[in-house]
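> Provide a 3D model corresponding to the input given below.
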Amino acid sequence: MSYAPSLIMIQFLGWVADRPRTREQAVEAWHSCPHISVWEDAVVDGLVRTENDGRRTIGLTERGRAVLQRAETPASAIEAVYAFKSAPPRRAAAALRRR
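As a prediction, this is how the structure comes out:
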């Protein structure tokens, strides 16, 4: 079974991939809301890793790169939008979490 990232996870992975970031930057930028645990989820799911390079730089793992690449394909984006628009609010949220 493949990993189905939420839209916020895709956004986070894109943010990490954009340029070198430190662990502190990630925690500060992405841990502002207790209901959005995207940083923690990415670590637990093996999508990002912290390098032991003195700066504690974070980066995508091979799995994280694959998830981001798959999510950036047009078919994935269309499916996510369709699932969100065609389902009642609770079902749409569940569909996005399964992605």
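> who's in contact with Ile10?
Residues near Ile10 by C-beta atoms under 8 Å, 6 or more residues apart in numbering: Val67, Leu68, Ala71, Glu72. C-beta: built from backbone N, CA, C; applies to glycine.
> cool, Asp41 as well?
With C-beta under 8 Å, 6+ apart, Asp41 has these contacts: Met9.
> Over to Gly46?
Thr61, Arg63, Gly64.
> do the same with Gly59
Counting by C-beta under 8 Å, 6+ apart, Gly59 touches Val16, Pro20, Val48, Arg49, Glu51.
> Return the closest of the contacts of Gly46 with respect to Ser6.
Nearest to Ser6 among the contacts of Gly46: Gly64, at 13.9 Å, using C-beta to C-beta.
> do you know how far that closest one is from Ile10?
11 Å (C-beta to C-beta, to the nearest Å).
> What strand or helix carries Gln25?
helix 23-30 (DSSP states H and E).
> Past that helix, which element shows up next along the chain?
Remark: after helix 23-30, the chain's next helix or strand is helix 38-44, criterion DSSP H and E.
> tell me which residues of stretch 54-71 are tucked away?
Neighbour-count burial for stretch 54-71, counted by 16 or more other C-beta atoms under 10 Å, picks out Thr57, Ile58, Leu60, Gly64, Val67, Leu68, Arg70, Ala71.
> and the fifth one, which of the three is it?
Look at Val67: counting by DSSP: H, G, I helix; E, B strand; the rest coil, its state is helix.
> before we move on, back to that, I'd like the contacts of Gly59 laid out as JSON lines, including secondary structure, distance to Ala29 and neighbour count.
Formatted as JSON lines, these follow (DSSP: H, G, I helix; E, B strand; the rest coil; distance: C-beta to C-beta, whole Å; neighbours: other C-beta atoms under 10 Å):
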{"residue": "Val16", "secondary structure": "helix", "distance to Ala29": "10", "neighbour count": "23"}
{"residue": "Pro20", "secondary structure": "coil", "distance to Ala29": "14", "neighbour count": "12"}
{"residue": "Val48", "secondary structure": "strand", "distance to Ala29": "13", "neighbour count": "23"}
{"residue": "Arg49", "secondary structure": "strand", "distance to Ala29": "17", "neighbour count": "16"}
{"residue": "Glu51", "secondary structure": "coil", "distance to Ala29": "18", "neighbour count": "13"}
